[in-house]
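Peer 1: need coordinates for the below:
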Amino acid sequence: MGMGRRSKESLVSQRLTTPFQKYVFAAAIKSLAQLNNPLRANNFATGLRELSRILLDDLAPDAEVKECEWFKPELPQGRLTRAQRVRYAIQAGLPDNFVRKTLKVDVDKTIKKLTKLVENLNALTHINQKTFGMSKVQTGKFVNESLDVFISMFDTIDDCRERIRERLITKANQAIDQELISDVVDAFEEIATHYTVYGADLEDFDIAQMDSQTLIFDAEGYVNCTLQYGSDGDVERGDGVRRDDSYPLACKLVADITSPLDIEVQNLHVDNSSFYE
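Peer 2: Numbering: from 1, shown residues only. Got it, this is the predicted structure:
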């Protein structure tokens, strides 16, 4: 069974991050209540089309887009194309070659898909004999179709951005492992005579910031280790002990957007509080 209109409206509402975006969507919904207005469905679709433009403008601010390494002016007066805004919404300042060759993400394909979806939404705004003065049933189908297109547009951006995130997580995990192995972990120094770190398992890895200059991830997971009590000789004689364990960790990973694999681990914290429980 398909998703109902109310559920679709809720999905759209979840996308909205500014008061103005919410006002525009509320006005689009309000137009549907104008039962005596034969243009109410067209007005609703027009509101959604404009809301998609507003959202894309907010996701890809002019100044940020123009600072990206990949940006080249295409329109007079420094105006941005829709494709440029979509590219920024997906990859921000990540270099094209890195996204295409290293991450294996085809942003151009996504831009073409988004362009087609925008064309579909534009078509729904056109006034003709089929859309003018539609019945209640016809209007319901029209509204559902408009919402479907709108949701698909931003789901497409999300899907592509998620593929970028997934392909960067391995490199981030390697950076954390190197940091744990090469540096002293105070949390283990406090609770064991010696310790060996084997690496981390990340459970949450989210893009905190990705703009024209900087790439920042928030990471949480567990660090796997062996804690030793006593010297090696103590352990061999049975007077010491080694115990495998894992403890929660959290950190930030920061990189220049133009060299996203040169990741610096910051604010690494290992929580050893469970040891004392």
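Peer 1: what is the burial count for residue 135?
Peer 2: When neighbours are defined as other Cβ atoms under 10 Å, residue 135 has 8 of them. Heads up, the C-betas are built off the backbone N, CA and C, glycines and all.
Peer 1: wait, residue 140
Peer 2: Close neighbours of residue 140, defined as other Cβ under 10 Å, add up to 14.
Peer 1: do the same with residue 125
Peer 2: Counted by other Cβ under 10 Å, the residues lying close to residue 125 total 18.
Peer 1: distance of it from residue 70?
Peer 2: When Cβ to Cβ, to the nearest Å is applied, the distance between residue 125 and residue 70 equals 31 Å.
Peer 1: for residue 214, same thing?
Peer 2: Taking Cβ to Cβ as the criterion, residue 214 is separated from residue 70 by 16 Å.
Peer 1: same question, residue 164
Peer 2: In this structure, residue 164 lies at 14 Å from residue 70, with Cβ to Cβ as the measure.
Peer 1: likewise for residue 274?
Peer 2: On the measure of Cβ to Cβ, residue 274 and residue 70 end up 46 Å apart.
Peer 1: higher neighbour count, those two?
Peer 2: When neighbours are counted by other Cβ under 10 Å, residue 274 and residue 70 differ, and residue 70 comes out ahead with 20 against 10.
Peer 1: quick check: pLDDT value at the nearest residue to that one once chain neighbours are set aside.
Peer 2: Taking Cβ to Cβ, 6 or more residues apart in numbering, and ignoring the residues beside it in sequence, residue 70 has residue 96 as its nearest neighbour in space, at 4.8 Å. In this prediction, residue 96 carries a pLDDT score of 94.
Peer 1: and the one 5 residues further on, by the same measure?
Peer 2: Here the pLDDT value assigned to residue 101 is 91.
Peer 1: contacting residues for it?
Peer 2: Listed by Cβ atoms under 8 Å, 6 or more residues apart in numbering, residue 101 has no contact partners.
Peer 1: what kind of secondary structure is it in?
Peer 2: Under DSSP: H, G, I helix; E, B strand; the rest coil, the three-state class of residue 101 is helix.
Peer 1: now the strands for the stretch 51-200 of the chain?
Peer 2: Under the criterion DSSP state E, counting those that start in this stretch, the stretch 51-200 of the chain contains strands at 194-210.
Peer 1: any regions of it where pLDDT drops low?
Peer 2: Scanning the stretch 51-200 of the chain for pLDDT under 70 picks out no residues.
Peer 1: give me that answer again for 80
Peer 2: Low-confidence segments of the stretch 51-200 of the chain, defined by pLDDT under 80: 121, 124, 131.
Peer 1: in it, which spans are helices?
Peer 2: 62-66, 82-91, 96-97, 107-125, 136-182, 186-189 (DSSP state H, counting those that start in this stretch).
Peer 1: quick one: distance of stretch 117-127 to the chain centre.
Peer 2: Taking Cα atoms, centre = their mean, to the nearest Å, one finds the center of stretch 117-127 at 27 Å from the center of the full chain.
Peer 1: convert that stretch to PDB, retaining C-alpha atoms only.
Peer 2: Output of stretch 117-127 as PDB, limited to C-alpha atoms (Å, rounded to 0.1, in the frame of the first residue of the first chain):
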ATOM      1  CA  LEU A 117      12.500  15.700 -11.900                       C
ATOM      2  CA  VAL A 118      12.400  19.500 -11.900                       C
ATOM      3  CA  GLU A 119      11.000  19.400 -15.500                       C
ATOM      4  CA  ASN A 120       8.300  17.000 -14.200                       C
ATOM      5  CA  LEU A 121       7.400  19.400 -11.400                       C
ATOM      6  CA  ASN A 122       7.400  22.300 -13.800                       C
ATOM      7  CA  ALA A 123       5.000  20.400 -16.100                       C
ATOM      8  CA  LEU A 124       2.600  20.000 -13.200                       C
ATOM      9  CA  THR A 125       2.400  23.800 -12.800                       C
ATOM     10  CA  HIS A 126       1.100  24.400 -16.300                       C
ATOM     11  CA  ILE A 127      -2.500  25.400 -16.700                       C
END
